[in-house]
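Q: Give me a 3D structure for the following:
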Amino acid sequence: MRSATTLLLCVGCGAALTLAPAAAWAVGPVPVKVFLLAGQSNMAGRAPTSGLPVALQSPQDDVLFYYGSSLTTLRPGSGRDFGPEVTFGRTVADEFPTETFALIKYASGGSDLHTDWDPSGGGQYNAFRSKVTGGLAALVSNSYDPEIVGMLWTQGERDAKTGRSTAQYEVDLNEFIADMRVNYGSDLPFFLSRLSSGQTNIPAAGLTEIRTAQANVAASDAFSYMIDTDGFGLKGDNLHFDAAGQIALGEAFGQSYIDVPEPVTPGDANGNGYVDDTDLAIMLGNWEKDPAVISTWELGNFTEGSLGDTDVDDNDLTVLLGNWTGPPPAGAAVPEPATLSLLALGGLAVMRRRRRAH
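A: Numbers count the residues shown, from 1 in each chain. Now for the predicted structure:
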């Protein structure tokens, strides 16, 4: 059973409150989906708390927050005022009330990607990695089982001001994303916010270079998603998001995560998230049909994309058995693999006898 609690962590943010470990009634560690938040000042937050809706100015008791070195509940104050985490946490918590979420945040104003966040030893990169390690450890020590499911990145102003070119920033960002996936998951979804066209504090040429690079990276990476911040409210310095801008940024990050398609499990012909006897029946019902009939994933051809074949055969049976989950929790018990093999072979024998009889 999944907990209905949502957990938000911010590390390296300057204050600390305590929180009791996961509910005592939970059997084993509580699964928690973790997001990593990083970047420079607009990720840290420069928006005044007074600009938030009243309900979000106070602690959100259904959302947990790692603030400094201890777990507490989500509230403004991770930067000088608040950043995108407040409305991001609220957005995903409201959309997925049965999930448990966590955010680990580390941001540093005025930091550049090329040097400060360089995976080969940049100071901010090292600090971020250390904070992530600390945040994950805090989760585990409080009886949570963390799974990193995405990263939010708001950065680029410094590189634009120092004249980093489109090509240079693309290389830097691609290397950074690749490093994040080596350390935190090979298909880690990476959500990046593009610099706003309204950030006129940044030289126009540099702003164009970095905006283009950010768009190019997002367009060329299947697991990267770009947030368009044009039109988001800015403070009088035309550099930092104001309260309305930070609210919009957090909500946009949240919506982008919500819109990511759920991964499809190989062998799941009917798309219900489980590989069970229903999928086996679909596959057997379409076994080695007329070659002129193109069998799709929905008909049991799970190797359609990887092998380029058009029929349902032994290759697809191997995929199905290798990803067997059994029925949804309310269904029958999951058969043992040996039993599955016998069932499948029995079904194939029937199919082949019928074929010989015709």
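
Q: Could I get the pLDDT score of the residue nearest the centre of the chain?
A: What sits nearest the mean C-alpha location of the chain, by C-alpha atoms, centre = their mean, is Gly150, with 2.5 Å. Note on Gly150: pLDDT of 94.

Q: Please parse the protein into its domains.
A: If you go by automatic domain parsing, the domain ranges for the chain are 6-259, 277-357.

Q: Quick one: distance of the first one to the chain centre.
A: Going back to what we said before, that points to domain 6-259. Relative to its parent chain, domain 6-259 has a centroid offset of 11 Å by C-alpha atoms, centre = their mean, to the nearest Å.

Q: right, and Thr229 touches Gln214 too?
A: No. Using C-beta atoms under 8 Å, Thr229 is not in contact with Gln214, being 10.2 Å away. Where C-beta positions appear, they are placed from N, C-alpha and C, glycine not excepted.

Q: any common contacting residues for these two?
A: Contact criterion C-beta atoms under 8 Å, 6 or more residues apart in numbering; residues shared by Thr229 and Gln214: Arg194, Leu195.

Q: still on that earlier bit, the residue nearest to the centre of the chain looks like it's in a strand, true?
A: Yes. Under DSSP: H, G, I helix; E, B strand; the rest coil, Gly150 sits within a strand.

Q: just use 714 as the starting number from now, easier for me
A: Right, with 714 as the first residue, what we last looked at is Gly863.

Q: so where is the stretch 714-863 of the chain shaky, pLDDT-wise?
A: Residue ranges of the stretch 714-863 of the chain with pLDDT under 70: 714-740, 791-793.

Q: can you pull out the helices in it?
A: 754-757, 767-770, 798-808, 836-854 (DSSP state H, counting those that start in this stretch).

Q: a markdown table for the ones you listed, including mean neighbour count?
A: Shown next, in a markdown table, are the helices of the stretch 714-863 of the chain (neighbours: other C-beta atoms under 10 Å):
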| stretch | mean neighbour count |
| --- | --- |
| helix 754-757 | 26 |
| helix 767-770 | 12 |
| helix 798-808 | 23 |
| helix 836-854 | 18 |
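
Q: Quick one: closest of these to Val973.
A: helix 798-808 (11.4 Å; C-beta to C-beta).

Q: which residues sit against that closest one?
A: 719, 721, 723, 748, 750, 758, 765, 769, 773, 775-776, 778, 787-789, 791, 812, 814, 816, 818, 865, 959-960, 962-964, 966-968, 970-971.
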